[in-house]
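*Asks:* Below is the sequence, then the predicted model.
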Amino acid sequence: MNPKYLISVMGATATGKTSLAIDLACHYNTEIVSADSRQFYRGMNIGTAKASQKELALVKHHFIDVLDVDQEYNAGKFEVDALRVLDEIFQKNDVAVMVGGSGLYINAVLFGIDPFPSINTESRLKATNFYKKNGLQALRDELRELDPVYFLEVDLDNPRRLMRALEVCYASGKAYSSFRSQAPQPRSFNTIKLAYNWDRAMLYERINQRVDQMIDSQLIAEVQNFLPHSNKKALDTIGYKEIFEFLNGKMKKDEAIELIKRNSRRYAKRQQTWFKKDDEIYWINPLARKKEIIDFMDKKMKINEGI
């Protein structure tokens, strides 16, 4: 039996992951597993930079538009579902492609999810009341104190995720990240990690341009469709929560747009910091030609060498 390879295309927002993944999947005549936790949801198209219908038609994608915004889903469920899909792909092909910037979901597939402690009501209320009383910045400071490792990778503008981490810290007396550093679970495939190595200034400019394109593509109308569901966890997302604030009269349109850009840049910086710590990632020059990348992948997988 030939060895199986999962090409994991990762990196920060706006780095070009989607197009690279599609190019690779088309070349190897295989399928794509999306590990972007917000692209799972139907209707969240523009704000999540979901692949266009034309792009989706080029190659089969899994985990795009599979949930409604009121449905709960987590990395543990994704691990089980994604491994099942990968097994089906590997029955037909020696190569599969995974793409996304959600580190928790990527690692769930590559290494497995560690069991977290059960959260008692006292710990949950403690985190919730701390946020209500002290606000978002205090929530960030509390997490930095209790878990500086997770602080560097979590979305600091997402109070739900910050509170979730603090709940674990309070309940266990240990850092949230300590439950995610156990021995990797065995996988039946080899993994090759790829990411584009953008200069930070250029990446920030790409982010600003992308946000402008989203606004031109009717992001505000897309978000308006979700107003009745604005309290749902899936919509507590950059690009949506800022527009909700505008639609609810809490800020001006231009302020909301600039806030999306700022929050996206901050999130990308944290993503880059987190991915840069992974010495298994092959960092690709964004100007590299498609053939150069394919040749590199063929060499790593020893394709066309009779092995």
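*Replies:* Alright, I've got the coordinates.
*Asks:* C-alpha from now on. contacts and neighbour counts both.
*Replies:* Fine.
*Asks:* those strands in the protein, which residues are they?
*Replies:* Secondary structure of the chain by DSSP state E: the strands cover 5-9, 32-34, 61-62, 95-99, 190-196, 281-284.
*Asks:* which outside residues touch the first one?
*Replies:* When contacts are taken as Cα atoms under 8 Å, 6 or more residues apart in numbering, the neighbours of strand 5-9 outside the stretch itself are 17, 20-21, 94-100, 189-195, 301.
*Asks:* Just the buried ones out of those, please.
*Replies:* Listed as buried from the contacts of strand 5-9 are 17, 20-21, 94-100, 189, 191-195, 301; burial here means 16 or more other Cα atoms under 10 Å.
*Asks:* just checking, A171 touches L125?
*Replies:* No: applying Cα atoms under 8 Å, one finds A171 not in contact with L125, separated by 11.0 Å.
*Asks:* higher neighbour count, those two?
*Replies:* Taking neighbours as other Cα atoms under 10 Å, A171 and L125 compare with A171 leading, 17 against 13.
*Asks:* Tell me who's in contact with that one.
*Replies:* A171 neighbours (Cα under 8 Å, 6+ apart): 117-120, 123.
*Asks:* Would you mind measuring from it to D199?
*Replies:* A171 sits 40 Å away from D199, going by Cα to Cα, to the nearest Å.
*Asks:* Ok, A82 next?
*Replies:* Distance, A82 to D199, by Cα to Cα: 32 Å.
*Asks:* higher neighbour count, these two?
*Replies:* Neighbours per residue (other Cα under 10 Å) separate A82 from D199, with A82 holding more: 22 against 10.
*Asks:* Would you check that my belief about the more buried one contacting N107 is correct?
*Replies:* No: contact between A82 and N107 fails when scored by Cα under 8 Å: they sit 11.5 Å apart.
*Asks:* Look up how far D36 lies from I22.
*Replies:* I22 is 15 Å from D36, by Cα to Cα.
*Asks:* do L139 as well
*Replies:* 25 Å.
*Asks:* Look up the closest residue to the most centrally placed residue in the chain, ignoring the ones flanking it.
*Replies:* Averaging the C-alpha coordinates of the chain gives a centre point, and the residue nearest to it by Cα atoms, centre = their mean is S102 (2.1 Å). Residue nearest to S102 in three dimensions, not counting chain neighbours: D36, with 5.5 Å by Cα to Cα, 6 or more residues apart in numbering.
*Asks:* residues touching that neighbour, list them.
*Replies:* Per Cα under 8 Å, 6+ apart, neighbours of D36: 99-102, 105.
*Asks:* what's the answer for L146, then?
*Replies:* For L146, the contacting residues are 166, 169, 175, by Cα under 8 Å, 6+ apart.
*Asks:* Also I294?
*Replies:* Taking Cα under 8 Å, 6+ apart as the definition of contact, the neighbours of I294 are L24.
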